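> Sharing a model prediction with you, sequence too.
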Amino acid sequence: MRYLSGLLLFLSLPCWADGMVVDKVYHPYVLPYEKELEWRLVSHQSDAGNVLAQRIGGGGAISETLSVELYAVGERDDNGDFGLAAYETELRWQVVEQGRYWADFGALFEVEKSHRQNAYEFTTGLLFEKEFGATSLTLNAFAVYEWGADIDSEWESEFRGQYRYRWRAAFQPAIELYSGEDFIGIGPGFIGLHRFAGQRQLKWEAGFITEVGHGGKDHSVRLALEFEF
């Protein structure tokens, strides 16, 4: 009940309202001393136009339970202009040993700085995962604080969920859910993993999320590639 109460508290906070809620669903695991390179893309299409965001970065585990990554974020606006939008530092913490308790828990801490403006964003939240036979339920609940001379200081929040069928390593279908203020999106997701020699492996993800809270065109396509070595 303590964990459920905390989750409900996150969901009750004000939420991000610009429609770009769709992104990666984080798992609470850190592989000891791994290194990784990552690329992510989200294309958000609405009646107002298309907004494209890409994120590229890398990093790795600095201990058995902590991982740090650095990202550059690029965005294309409705006018078709694409450029560097922000810098981001991310810390993930695997709170408990995998499989030791009834579920696995982790935490995320993230700081983002706008490239062109005096605007900052700090994100923190809970990462949850529980296996049910051949399926896995993953939940993310985030609280976000924005501040700076060029932005109003305020709290926001996000919720992300993924229910995945571990059919085989190379292809795992899923249902994904994203929520924010005036935004509830749901749709299919697909995850795959290809292992090379040693500990090298390539992960890929794709999803198509449709907003179901109001009428009109509002959907997002997300893609991700992650190479671990």
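All right, it came through fine.

> okay, and for this structure, where does confidence drop off?
Residues of the chain that meet the criterion pLDDT under 70 lie in 1-20, 77-78.

> And the helices in it?
Ranges of helices within the chain are 2-12, based on DSSP state H.

> give me every residue that touches the most centrally placed residue in it.
With distances taken as Cα atoms, centre = their mean, residue 24 lies nearest the centre of the chain, 2.9 Å away. Residues near residue 24 by Cβ atoms under 8 Å, 6 or more residues apart in numbering: 40, 205, 222, 224. Backbone N, C-alpha and C define where each C-beta goes, glycine included.

> What about those residues, which one has the most neighbours?
residue 222 (23 neighbours; other Cβ atoms under 10 Å).

> Isn't that residue up against residue 205?
Yes - using Cβ atoms under 8 Å, residue 222 is in contact with residue 205, at 7.2 Å.

> For residue 121, list the residues it contacts.
By Cβ under 8 Å, 6+ apart, the neighbours of residue 121 are 110, 111, 112, 144, 145, 146.

> Correction: the previous question concerned residue 42.
Contact analysis of residue 42 by Cβ under 8 Å, 6+ apart lists 20, 22, 23, 52, 53, 54, 220, 221, 222.

> again, 7 Å this time
Counting by Cβ atoms under 7 Å, 6 or more residues apart in numbering, residue 42 touches 20, 22, 23, 53, 220, 222.

> and these, which are buried?
20, 22, 23, 53, 220, 222 (16 or more other Cβ atoms under 10 Å).

> All good on my end, thank you.
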